[in-house]
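> coordinates only, sequence not included:
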Ligand code: SF4
Ligand code: SF4
């Protein structure tokens, strides 16, 4: 019997207690400091006495026979692949790369905007392609840009056509928008099966307008807020996203209060997410304002302590801590956190296909075309498909692999030039905070 290589064991932040977790056996426990000392002794010496405590650890899979551990790993991996083969596919459709905003941190601002334009013919080709390529699979479409909801008659006509096509195919639609024209689009949106509209609001008025303004500099806050109100009134689900960095994170308590005051947080059609502003495609002008993954969540942890009302607006995941708290169980092991070319594909208005949204618009990342003719770079597609924690050398030896899943393939490729390389997540550190937050504070 050995100390399982998949145990994640550490001290809970601002507590005397420890946690131990094993996603292969599905166990998680909070340990007193005395029991934690016994675990440390077992970690350091495999000749441990077989007492009641050891029997309990073994019963929960923290200690395992190594052959049994390998067998369980193989079985869970096959379960993961089987279940992913039945998962719903997310198909991004990029209507244009142009935008009416000039956000201070936009990563798409350096993209070329090919002179080509979206057409009815291209939309029809997209639907023909996805109906034959992904026949029999559950799927939905996410409309993306640039800004897809541009306020001109031609764009509205094209969006209407896209929604009609989706309705005929019985497909739900998500839209990622800056939210500026939501009010003008409400009647078109109501004609579709809208799963969700993702809108970005980076803070209350002054903070948001400093970061997300029109080309020309005018503020955008008021219209976005009215657009969110209009969607919620029409029971169109809103997913409000705050893109956070050191410039706006301290405004989170005020933004949360605004959402509470406008009764957004009482609506069943309202949810939120916080996205980290990070450097994916090109150098940010001010990298010192960016958070690392862990420092963002450390800051949120502190802010929630000082302003608990934030929890009405946003509850951080802290790796699997929130899931464990809400479900009383761990999620299944995550053998792969990157859905590119597996359950995610992206298509743009020039007829090109890409592995996912992080790669759209970059010619060298294209994996084929659906218009005017169908072509596929099968070698590149296979490389994306192969990427998981069993194909990345470092991940095979990593004890947090079943919570991390290898991270983002695009970030990994930007860093190393190789898709099958690591994008490490600070899983242990996030859990240290998460156990403190969910099992001490938020209770
Ligand atoms: S490459 Fe990154 S952004 Fe793209 S699907 Fe994978 S994890 Fe997501
Ligand atoms: S990406 Fe890094 S942290 Fe994640 S499983 Fe691989 S080695 Fe571990």
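Yes, it's here. Note that the structure is predicted; figures quoted are calculated from it, not measured. Ligands and ions are numbered 1, 2, ... in the order given.

> Contact partners for residue 424?
By CB atoms under 8 Å, 6 or more residues apart in numbering, the contact list for residue 424 reads 404, 407. To be clear about C-beta, it is placed using only N, CA and C from the backbone, and glycine gets the same treatment.

> Against ligand 2, how distant is it?
Applying CB to the nearest ligand atom, to the nearest Å, the value for residue 424 to ligand 2 is 3 Å.

> got it, and residue 186?
42 Å.

> Could you give the number of residues near the nearest residue to that residue once chain neighbours are set aside?
Using CB to CB, 6 or more residues apart in numbering and skipping residues adjacent in sequence, the residue nearest residue 186 is residue 230, 5.4 Å away. Residue 230 sits with 17 neighbouring residues when counted by other CB atoms under 10 Å.

> my guess is residue 386 contacts residue 420, does it?
Yes - contact criterion CB atoms under 8 Å: residue 386 and residue 420 qualify, at 6.6 Å.

> neighbour count winner among these two?
Shown here are residue 386 and residue 420; by other CB under 10 Å, residue 420 has more neighbours (18 against 13).

> before we move on, what SS does that one have?
coil (DSSP: H, G, I helix; E, B strand; the rest coil).

> wait, doesn't it sit right on residue 392?
Yes - counting by CB under 8 Å, residue 392 is a contact partner of residue 420 at 5.4 Å.

> how about the strands in the stretch 51-200 of the chain?
Secondary structure of the stretch 51-200 of the chain (DSSP state E, counting those that start in this stretch): strands located at 63-64, 89-94, 139-144, 173-177, 194-200.

> Can you redo these as JSON lines, where the extra columns are distance to residue 75, mean pLDDT and mean neighbour count?
Formatted as JSON lines, the strands of the stretch 51-200 of the chain follow (distance: least, CB to CB, whole Å; pLDDT from 0 to 100; neighbours: other CB atoms under 10 Å):
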{"stretch": "strand 63-64", "distance to residue 75": "13", "mean pLDDT": "96", "mean neighbour count": "24"}
{"stretch": "strand 89-94", "distance to residue 75": "25", "mean pLDDT": "98", "mean neighbour count": "21"}
{"stretch": "strand 139-144", "distance to residue 75": "28", "mean pLDDT": "98", "mean neighbour count": "21"}
{"stretch": "strand 173-177", "distance to residue 75": "34", "mean pLDDT": "98", "mean neighbour count": "22"}
{"stretch": "strand 194-200", "distance to residue 75": "33", "mean pLDDT": "98", "mean neighbour count": "20"}
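
> of these, which approaches ligand 1 most closely?
Proximity to ligand 1 (CB to the nearest ligand atom) singles out strand 89-94 among the strands of the stretch 51-200 of the chain, at 9.1 Å.

> Residue 69 against residue 3, yeah?
No - the criterion here is CB under 8 Å, and residue 69 misses it with residue 3 at 10.4 Å.

> If you count surrounding residues, which of these two has more?
Using other CB under 10 Å as the criterion, residue 69 and residue 3 rank with residue 69 on top: 20 against 17.

> residue contacts, the more buried one?
Applying CB under 8 Å, 6+ apart, the residues near residue 69 are 2, 4-6, 24.

> For the stretch 51-200 of the chain, give me the ranges with low pLDDT.
107-114 (pLDDT under 70).

> That one: helices as residue ranges?
Ranges of helices within the stretch 51-200 of the chain are 52-59, 66-86, 120-133, 153-168, 182-190, based on DSSP state H, counting those that start in this stretch.

> ditto for the stretch 301-443 of the chain
Going by DSSP H, counting those that start in this stretch, the stretch 301-443 of the chain shows helices at 310-313, 321-327, 378-386, 393-396, 401-404, 409-416, 427-436.

> I'd like a version of these in TSV, one that adds distance to ligand 1 and mean pLDDT as further columns.
Below are the helices of the stretch 301-443 of the chain laid out as TSV (distance: least, CB to the nearest ligand atom, whole Å; pLDDT from 0 to 100):
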stretch	distance to ligand 1	mean pLDDT
helix 310-313	25	98
helix 321-327	18	97
helix 378-386	8	97
helix 393-396	14	97
helix 401-404	12	98
helix 409-416	3	96
helix 427-436	15	98
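
> which one of these lies closest to residue 14?
helix 427-436 (5.6 Å; CB to CB).

> Can you name every helix or strand that the closest one contacts?
strand 7-11, strand 18-22, helix 293-306, helix 321-327, helix 401-404 (3 or more CB pairs under 8 Å, 6 or more residues apart in numbering; DSSP states H and E).

> right, so of the ones you listed, which gets closest to residue 97?
Taking CB to CB, helix 293-306 is the member of these nearest to residue 97, at 27.3 Å.

> Just the closest residue of the stretch 201-350 of the chain to ligand 2, please.
residue 337 (8.1 Å).

> and that residue, how far is that from residue 298?
Residue 337 sits 21 Å away from residue 298 when distances are taken as CB to CB, to the nearest Å.

> who's in contact with the spatially closest residue to residue 73 that is not a sequence neighbour?
Residue nearest to residue 73 in three dimensions, not counting chain neighbours: residue 24, with 6.2 Å by CB to CB, 6+ apart. Shown in contact with residue 24 (CB under 8 Å, 6+ apart): 4, 6, 61, 69, 72-73, 76, 333, 402.

> what sits opposite the residue nearest to the spatial centre of the chain in the beta ladder?
With distances taken as CA atoms, centre = their mean, residue 275 lies nearest the centre of the chain, 8.2 Å away. Residue 275 has these beta-bridge partners by DSSP bridges: residue 243.

> mind checking pLDDT for it?
Per-residue pLDDT puts residue 275 at 94.

> wait, doesn't it sit right on residue 240?
No - taking contacts as CB under 8 Å, residue 275 lies outside contact range of residue 240: 10.9 Å.

> ok, now which ones touch the residue of the stretch 201-350 of the chain at minimum distance from ligand 1?
Shortest the stretch 201-350 of the chain-to-ligand 1 distance, computed as CB to the nearest ligand atom: residue-wise this is residue 338, at 3.3 Å. By CB under 8 Å, 6+ apart, residue 338 lies in contact with 356, 387-388, 405-410.

> would you list the residues you listed in TSV and tack on distance to residue 191?
Formatted as TSV, these follow (distance: CB to CB, whole Å):
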residue	distance to residue 191
356	28
387	38
388	39
405	37
406	40
407	39
408	35
409	36
410	34
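
> Residue 235 contacts residue 269, correct?
Yes - using CB under 8 Å, residue 235 makes contact with residue 269 at a distance of 5.6 Å.

> So for the two, which residue has more residues nearby?
Using other CB under 10 Å as the criterion, residue 235 and residue 269 rank with residue 269 on top: 16 against 11.

> where's the closest residue to that one other than its chain neighbours relative to residue 266, distance?
Closest residue in space to residue 269, ignoring its immediate chain neighbours: residue 237 at 4.5 Å, by CB to CB, 6+ apart. Look at residue 237 and residue 266: by CB to CB, they are 14 Å apart.
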